[in-house]
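In: Below is the sequence, then the predicted model.
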Amino acid sequence: MTPTPTGRLFGTAEGRDLVLTRTFRAPIEDVWASITESDRTARWFASWTGEAGPGRVIRFTLEFEEGRPSGDMTIDACEAPHHLAVSSSDAYGTWHLEARLAEEAGVTTLTFTQHMEEGADVGSVGPGWEYYLDLLVASRDGGPTPSFDDYYPAQKAYYEDQASGG
């Protein structure tokens, strides 16, 4: 499998946003459940525990990373079924993530954004989110599970080129 990178990097007043989209032939509420319910997020990204809600902190465990690292994540905004914003910090930096959902004619579009910190390594981050979002697609449609090795380092240059203005 050779996945094609789809993410775009945009300049903002605060820095840069990495934006990726995926579409699903499914109702918005079902896609929302895939990005907010622990048993479903565990199928493609991370399981989590805690009481969810705006301003609350949940504990997550990355299910597809070596050693299954865990950490805390703050729910910055949660407006079901259209908008989720979360943030977390780890050894690699601070992560400000947003998911926006919109449905039209039975097709739901997920627009995923990472608000990038100054100095964030988009050459690694971009392929990582491509991989995770393709895991989301596979978890929903029963397709083959992608391998991270198909994304990184193959997509690194695509994202570095965007970061350098190319």
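Out: That came in fine, so what should we check first? Numbering: from 1, shown residues only.
In: chain center to the longest helix along the chain, what's the gap?
Out: Secondary structure of the chain per DSSP state H: the longest helix is helix 122-141. Taking CA atoms, centre = their mean, to the nearest Å, one finds helix 122-141 lying 7 Å from the centre of the chain it belongs to.
In: Which residues does the helix or strand just after it contact?
Out: Next along the chain after helix 122-141, taking DSSP states H and E as the criterion, comes helix 156-163. Outside helix 156-163, the residues that touch it by CB atoms under 8 Å, 6 or more residues apart in numbering are Pro5, Gly7, Arg8, Leu9, Arg16, Leu18, Val122, Gly123, Ser124, Val125, Gly126, Pro127. Quick note: C-beta positions are derived from backbone N, CA and C, even for glycine.
In: just so I have it, where are all the helices in the protein?
Out: 28-36, 38-41, 122-141, 156-163.
In: Indicate which one of those is closest to Ser70.
Out: When these are compared by CB to CB, helix 38-41 sits nearest Ser70, at 12.8 Å.
In: could you say what helices and strands that closest one packs with?
Out: Applying 3 or more CB pairs under 8 Å, 6 or more residues apart in numbering; DSSP states H and E, one finds that helix 38-41 contacts helix 28-36, strand 46-49.
In: I'd like these laid out as CSV, including distance to Arg59 and mean pLDDT.
Out: CSV is the format used below for these (distance: least, CB to CB, whole Å; pLDDT from 0 to 100):
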stretch, distance to Arg59, mean pLDDT
helix 28-36, 15, 98
strand 46-49, 5, 98
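In: Now that we have the ones you listed, can you turn them into CSV and tack on mean neighbour count?
Out: Output for those, formatted as CSV (neighbours: other CB atoms under 10 Å):
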stretch, mean neighbour count
helix 28-36, 18
strand 46-49, 17
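In: before we move on, the earlier item: got the helices of the chain as a markdown table, with distance to Ala99 columns?
Out: Output for these, formatted as a markdown table (distance: least, CB to CB, whole Å):
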| stretch | distance to Ala99 |
| --- | --- |
| helix 28-36 | 5 |
| helix 38-41 | 11 |
| helix 122-141 | 10 |
| helix 156-163 | 20 |
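In: excluding its backbone neighbours, what's nearest the residue nearest the centre of the chain?
Out: Nearest residue to the geometric centre of the chain (CA atoms, centre = their mean): Trp129, 5.3 Å. Spatially, and ignoring its direct neighbours in sequence, Trp129 is nearest to Leu20 (5.6 Å; CB to CB, 6 or more residues apart in numbering).
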